[in-house]
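*Asks:* I would like to see how this sequence folds:
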Amino acid sequence: MHPTAHVADLVVFGGTGDLSMRKLLPALFHSDRDGRLAPQTRVIAMSRGGLTDADFRGKVEAEVRPRLHSGDDEGWARFLGRLHHVSVDVGGPDHAGWRALTHLLAGRENIDRVFYLASPPMTFGPFCRGVQEAGLATPRSRVVLEKPLGRDLAGARRINDEVGAIFEERQIFRIDHYLGKETVQNLLVLRFANAFLEPVWNSLWIDHVQITAAESVGTPGRRGYYDQAGALRDMVQNHLLQLLCLVAMEPPSRNDRESIRDEKLKVLQSLRQIAGTEADRFTVRGQYVSGEVDGRAVPGYLDEPDHTAPTVASHRVETFTAIRAEVKNWRWAGVPFYLRTGKRMPHRRSEIVVQFKEVPHSIFPGGGPNRLVLRLGPSEGIHLHIMAKEPGAGEVVPRPVPLSLSFADTFRARVPEAYERLLMDVLSGNPTLFMRRDEVEAAWSWIDPIIATWESGGSPPEPYAAGTPGPAAARELLGRSGRAWYEEDLP
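*Replies:* Prediction:
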């Protein structure tokens, strides 16, 4: 058993859903195989499915194991033995499910108890009230909330109030799986454990920063959700703003659970507000139409297969957004942060690009700026682009070349999925990579004026063909200052 293994009961509400089957259970299996789950740790799925323990284990065998590509039969049998299922209708009149959960947890009040809400945010409050009414909330309990946390600041505050009425803030873990990625965690080490970067990590040397989360997939079968969310709420308010915070934050005084979150909050509070006419200048929204992705024709957003017909909201929701943000403090004054995310783009890629300024006087024609590229996916790594001489006789020809760190190649080990790290942090009670209430509300305070401007405007999102990098206005957002989006492929 790993020395940091913790004993816990992990109760997953929505335990038979897509997130549980695709991410949570595979992450828990890998953690179990690596010895990070104590022998007494159990995983209890909650759903309305009416499944027995055997039914649930059969479902996991059929849906999860094929994703793992693991031949560890002994480890798989051990993992299945941890699994249980309880049928509960949260908010319904039948309390038999809560009684069954109470019976299952009886006698284990002195170990950690984690409630993971892999469910829509409107269920967070009712679920926590159900936990309290069943007498299952203990001082050693924790609750994990999946995003999105509301649709606006008022909604986020309402959810925070409902959950906060049952659990203390120290017990609430608001999860953002981007913060569990190896490259994101390495960004902190890269910045704060290497002396050569800090002197140039400011507006004197950095020209601009780009943060991109591009997806090649569309939204088939998800229009009902996406009509109400859109790219701004779904990706920018949480994922991209969290990455911006880690790039822009000041060095914390120590590596502990609150110091890092304190510095991230200061960044969010320093963001220049974008509203009214500035939203027209500094934001772009688009919606994909039919096109070609990876050599195959795909439909537009309004024509994606779904069980509901397009509505007025369908025509106005953005599947792409780009934003020019500014952090108004001494370190970053004048440095634009460009945020971009979209569906049905040419390739799946998530990355942070820090572009440095040109040398003050270049004696070599054809040179270019240095870039630090932090690739979050699909292949995680860090790439520093420097100028080097192209081999050969004759004139000196400078060419940008990457100094590359691939985690998989360098450490010759499987790179853990983000949920593996985050789940182990939850079980150990470490909230460093989770969002605090004031962080979430500060992010919504910056996003809400953009949403209000968009919703009060008359023009719909700009169309862009599936398989392209987004609408033309996104290129113009950078082009007005002589910049361009970084689109190069990395090894």
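*Asks:* kindly provide the distance from the nearest residue to residue 436 once chain neighbours are set aside to residue 368.
*Replies:* Counting by Cβ to Cβ, 6 or more residues apart in numbering, residue 261 is the residue found nearest to residue 436 once chain neighbours are left out, at 5.1 Å. C-beta: built from backbone N, CA, C; applies to glycine. As judged by Cβ to Cβ, to the nearest Å, residue 261 and residue 368 stand 37 Å apart.
*Asks:* so the two - more neighbours on which side?
*Replies:* Between residue 261 and residue 368, counting by other Cβ atoms under 10 Å, residue 261 is the more crowded of the two (20 against 14).
*Asks:* which element is the more buried one on?
*Replies:* Using DSSP states H and E, the element containing residue 261 is helix 259-270.
*Asks:* could you point out which element follows that helix?
*Replies:* Next element after helix 259-270 (DSSP H and E): helix 277-282.
*Asks:* name every strand pairing with the helix or strand immediately after that following helix in the chain and say which way it goes.
*Replies:* Next in sequence after helix 277-282, counting helices and strands by DSSP H and E, comes strand 283-289. Paired with strand 283-289 in the same sheet, following DSSP bridges, are strand 320-326 (antiparallel), strand 462-465 (parallel).
*Asks:* ranges for the helices of the stretch 151-300 of the chain?
*Replies:* 153-164, 182-192, 223-231, 241-248, 259-270, 277-282 (DSSP state H, counting those that start in this stretch).
*Asks:* partners of whichever strand or helix holds residue 350, with directions?
*Replies:* Using DSSP H and E, residue 350 sits within strand 349-356. Applying DSSP bridges, strand 349-356 is found paired with strand 206-214 (antiparallel), strand 371-377 (antiparallel).
*Asks:* circling back: comparing the strands paired with strand 283-289, which comes out most buried?
*Replies:* strand 320-326 (a mean of 25; mean count of other Cβ atoms under 10 Å).
*Asks:* and for that strand, what's in contact with it?
*Replies:* 230-232, 235-236, 244, 271-272, 274, 282-288, 332, 334-343, 345, 450, 461, 464, 470-471, 473-474, 477 (Cβ atoms under 8 Å, 6 or more residues apart in numbering).
*Asks:* hey, what's the angle from the helix holding residue 261 to helix 241-248? Just curious.
*Replies:* Counting by axes from the mean of the first three to the mean of the last three Cα atoms, to 10 degrees, helix 259-270 lies at 100 degrees to helix 241-248.
*Asks:* quick one: average pLDDT of helix 259-270?
*Replies:* The average pLDDT within helix 259-270 is 94.
*Asks:* picking that back up, figure out which of the strands paired with strand 283-289 is closest to residue 433.
*Replies:* Among the strands paired with strand 283-289, strand 320-326 comes nearest to residue 433, with 22.0 Å by Cβ to Cβ.
*Asks:* geometric centre of this protein: which residue is closest?
*Replies:* residue 178 (3.3 Å; Cα atoms, centre = their mean).
*Asks:* separation between the closest residue to it other than its chain neighbours and residue 141?
*Replies:* Distance criterion Cβ to Cβ, 6+ apart; nearest residue to residue 178, sequence neighbours excluded, is residue 239 at 4.5 Å. In this view, residue 239 and residue 141 are 27 Å apart by Cβ to Cβ.
*Asks:* neighbour count: those two, which is higher?
*Replies:* Neighbours per residue (other Cβ under 10 Å) separate residue 239 from residue 141, with residue 239 holding more: 22 against 19.
*Asks:* okay, and the helix or strand of this structure with the least pLDDT?
*Replies:* Within the chain, no helix or strand scores below helix 407-411, which has a mean of 62 by mean pLDDT, DSSP states H and E.
*Asks:* which residues sit in contact with residue 329?
*Replies:* residue 270 are the contacts of residue 329 under Cβ under 8 Å, 6+ apart.
*Asks:* so where is the stretch 151-300 of the chain shaky, pLDDT-wise?
*Replies:* Across the stretch 151-300 of the chain, nothing is flagged by pLDDT under 70.
*Asks:* picking that back up, going through the contacts of strand 320-326, which ones are buried?
*Replies:* 230-232, 235-236, 244, 271, 274, 282-288, 332, 335-343, 345, 450, 461, 464, 470-471, 473-474, 477 (16 or more other Cβ atoms under 10 Å).
*Asks:* quick one: contacts for residue 304?
*Replies:* Residue 304 touches 218, 219, 220, 221, 223, counting by Cβ under 8 Å, 6+ apart.
*Asks:* nearest residue to it in space, please, no chain neighbours.
*Replies:* residue 220 (4.7 Å).
*Asks:* just checking, next helix/strand downstream of the helix or strand containing residue 59?
*Replies:* Assigned by DSSP H and E, residue 59 falls within helix 53-63. Where DSSP H and E defines the elements, the next helix or strand beyond helix 53-63 is helix 65-68.
*Asks:* make CSV out of the strands paired with strand 349-356 and add distance to residue 359 and mean neighbour count.
*Replies:* Below are the strands paired with strand 349-356 laid out as CSV (distance: least, Cβ to Cβ, whole Å; neighbours: other Cβ atoms under 10 Å):
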stretch, distance to residue 359, mean neighbour count
strand 206-214, 12, 22
strand 371-377, 14, 21
